[in-house]
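> from the sequence below, what's the structure:
(chains A and B)
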Protein chains: 2
Amino acid sequence: MITLYAFKALPAFAVGLARDLRIRWALEEAGLPYQMHLVTPEEVNSPGYRALQPFGQIPAIEEDGFRLFESGSIILHIGERSDALIPRDPAAKARAITWIFAAVNTIEPAIRPLLMLDLFHTGEEWAKAQRSNAEATIKKRLNELAVALGDRAYLEGSFTAGDLVMTTVLRMLRHTDLVEAEPRLQAHLKRCEARPAFQRALVGHMAVYEPA
Amino acid sequence: MITLYAFKALPAFAVGLARDLRIRWALEEAGLPYQMHLVTPEEVNSPGYRALQPFGQIPAIEEDGFRLFESGSIILHIGERSDALIPRDPAAKARAITWIFAAVNTIEPAIRPLLMLDLFHTGEEWAKAQRSNAEATIKKRLNELAVALGDRAYLEGSFTAGDLVMTTVLRMLRHTDLVEAEPRLQAHLKRCEARPAFQRALVGHMAVYEPA
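Alright, predicted model coming up:
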């Protein structure tokens, strides 16, 4: 069985965003069973964990001695076993992978500066001036993404791992109204979050970080 | 034949860094012939180019009607045709892909804030204070990467597309001495840049942006 590594504790801002959620979601879409290993702050810096995850991040997975880190890579690896995530047709597969990279290397880099300002520099004078630039960059990218999506239900028509990773990246903006400002994108986000596999993944994630 | 889209003109800071370079390099490693299409500022915003690249970025590729964007995705696509880039063994393949994601989604996000400060905010008071934080983040990540590399010649022993993308990301720090501060990483960078395929790619790239 796959073991998924996630943090034992998260700061409040990361609950519902930490990247174990996207792996849980992918595993739920693929119908693959998994067990959790919750990493304590002490374990993060242990040689053992660093051998699995050199940067002390989550997620990582382990299965029969095979070990992998980086959420994008783990999702591609899971996707090889499920065409619910990555289509088998080579051209369709390449397009799905393109949206994973667009999520983590085009959309997320636009979002990160705003996130850093809002999380760590609220109220600082210089941050206020930078914030409008950061917002403008995000608005531009989200509009481009909405145009690319067009009237399709999913980025390539049918759901792929590209929609999955894009959704988890767009969720980083949940403290703003920037996604709502692009109705087609907002509808896409809600459509993806309504998937039963996402709902199951979210319940599992929340059970760890916000115990009843 | 593959057509590779790159910008017709680049600002000085991007010459030798723009992401067509990593695709040229991958194509040279794979021994695949290609032709260039240089995109003008007017063409970038045309509906035709946006249909190929929704965000108006480079690179993109086109081959017999098949179109793809995002450099990470293009490299995986090229890698499917060459085990000089992506090993055939599934576990080794997954590890190579992991380093591509580590480059673009762990190392590059650590580098970007410093790059933004040094390119667009030099001399501003707030930027000076932020710069030492940004440097500290990079140092931590580069040290972790150096430890992961260890005494191996390449990240997984033999050269893969993971080393290729990592090299192009580490080159973003060429205006600093941060990579030099990690001798094993610096040696890896020099080893990768010394590859004949990188040298051919660089000559092709520079011929466009710094004509003799």
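> per-residue pLDDT, the most centrally placed residue in chain A?
The residue lying closest to the centre of chain A (CA atoms, centre = their mean) is residue A:168, at 3.4 Å. pLDDT recorded at residue A:168 is 98.
> how about it: what's its closest non-neighbour residue?
residue A:22 (4.4 Å; CB to CB, 6 or more residues apart in numbering or on different chains). Using the backbone N, CA and C atoms, a C-beta is placed for each residue, glycine as well.
> surely that neighbour touches residue A:163?
No. Using CB atoms under 8 Å as the test, residue A:22 is too far from residue A:163 to be in contact (11.2 Å).
> residues touching the residue of chain A most remote from its centre, list them.
Taking CA atoms, centre = their mean, the residue of chain A most remote from its mean C-alpha position is residue A:125, at 30.9 Å. Counting by CB atoms under 8 Å, 6 or more residues apart in numbering or on different chains, residue A:125 makes contact with residue B:126.
> cool, the one 4 residues further on as well?
With contacts taken as CB under 8 Å, 6+ apart, residue A:129 has no neighbouring residues.
> quick check: residues of chain A near chain B?
Contacts of chain A with chain B, taken as CB under 8 Å from any CB of the partner chain, map to A:50, A:54-57, A:66, A:68-73, A:76-77, A:80, A:90-91, A:94-95, A:97-98, A:100-102, A:104-106, A:108-109, A:112-113, A:116, A:124-126, A:141, A:144-145, A:147-148.
> from these, which land in helices?
Those of the residues of chain A next to chain B mapping onto helices are A:50, A:71-73, A:76-77, A:90-91, A:94-95, A:97-98, A:100-102, A:108-109, A:112-113, A:116, A:125-126, A:141, A:144-145, A:147-148, per DSSP state H.
> report the buried members of the residues you listed.
A:50, A:71-73, A:76-77, A:94-95, A:97-98, A:100-102, A:108-109, A:112-113, A:116, A:126, A:141, A:144-145, A:147-148 (16 or more other CB atoms under 10 Å in any protein chain shown).
> tally up the residues packed near residue A:151, please.
For residue A:151, the count of nearby residues is 6 (other CB atoms under 10 Å in any protein chain shown).
> I figured it hits residue A:184, correct?
Yes. Judged on CB under 8 Å, residue A:151 makes contact with residue A:184 at a distance of 7.3 Å.
> shared neighbours, the two?
In terms of CB under 8 Å, 6+ apart, residue A:151 and residue A:184 are not both contacted by any residue.
> just the buried residues of stretch A:133-141, please?
A:134-135, A:138, A:141.
> with secondary structure and pLDDT added, can I get those residues in TSV?
As requested, those are exported to TSV (DSSP: H, G, I helix; E, B strand; the rest coil; pLDDT from 0 to 100):
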residue	secondary structure	pLDDT
A:134	helix	97
A:135	helix	97
A:138	helix	98
A:141	helix	98
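> closest one to chain B out of those, please.
residue A:141 (6.7 Å; CB to the nearest CB).
> do you know how far residue A:58 is from chain B?
Remark: distance between residue A:58 and chain B (CB to the nearest CB, to the nearest Å) = 12 Å.
> okay, now that residue: neighbour count?
Other residues near residue A:58 come to 23 when the count uses other CB under 10 Å.
> you'd agree residue A:144 is up against residue B:51?
No. With contacts counted by CB under 8 Å, residue A:144 stays clear of residue B:51, the gap being 12.0 Å.
> sorry, back to before: who touches the one helix or strand the residue nearest to residue A:168 maps to?
For residue A:22, the host element (DSSP states H and E) is helix A:20-30. Identification of contacts with helix A:20-30 by CB under 8 Å, 6+ apart yields A:2, A:4-7, A:33-34, A:36, A:58-59, A:61, A:71, A:74-75, A:78-79, A:81-82, A:84-85, A:161, A:164-165, A:168, A:195-198, A:200-202, A:204-205.
> so which of these are in helices?
Within these, residues falling in helices by DSSP H are A:71, A:74-75, A:78-79, A:161, A:164-165, A:168, A:196-198, A:200-202, A:204-205.
> list buried residues within those residues.
Buried by 16+ other CB under 10 Å: A:71, A:74-75, A:78-79, A:161, A:164-165, A:168, A:197-198, A:201-202, A:204-205, out of these.
> quick one: residue A:190 from chain B, how far?
21 Å.
> before we move on, which element is that residue in?
Going by DSSP H and E, residue A:190 is in helix A:183-193.
> quick one: residue A:194 from residue A:107, how far?
Going from residue A:194 to residue A:107 by CB to CB, to the nearest Å gives 21 Å.
> which helices and strands does the helix holding residue A:190 pack with?
With contacts defined as 3 or more CB pairs under 8 Å, 6 or more residues apart in numbering or on different chains; DSSP states H and E, helix A:183-193 has these neighbours: helix A:125-149, helix A:161-170, helix A:196-209.
> for the ones you listed, which one sits closest to residue B:173?
helix A:125-149 (22.2 Å; CB to CB).
> and the closest one, how far from the chain's centre?
Chain-centre distance of helix A:125-149: 19 Å, with CA atoms, centre = their mean, to the nearest Å.
> cool, stretch A:69-85 as well?
12 Å.
> now that stretch: average pLDDT?
Average pLDDT, stretch A:69-85: 96.
> same question for stretch A:101-114.
Mean pLDDT, stretch A:101-114: 98.
> how far does that stretch sit from the chain's center?
On CA atoms, centre = their mean, the centre of stretch A:101-114 falls 11 Å from that of its chain.
> run a quick neighbour tally on residue A:99.
Applying other CB under 10 Å, I find that residue A:99 has 26 neighbouring residues.
> for it, which non-adjacent residue is spatially closest?
residue A:162 (2.6 Å).
> so what's the one you found up against?
Applying CB under 8 Å, 6+ apart to residue A:162 gives the contacts A:95-100, A:102-103, A:155-156.
> what do you get for residue A:150?
So residue A:150 contacts residue A:184 (CB under 8 Å, 6+ apart).
> can you list contacts of stretch A:49-66?
Applying CB under 8 Å, 6+ apart, the external contacts of stretch A:49-66 come out as A:1-7, A:18-20, A:22-23, A:37, A:39, A:43-45, A:67-69, A:71, A:74, A:77, B:91, B:94, B:102, B:106, B:141, B:144-145, B:147-148.
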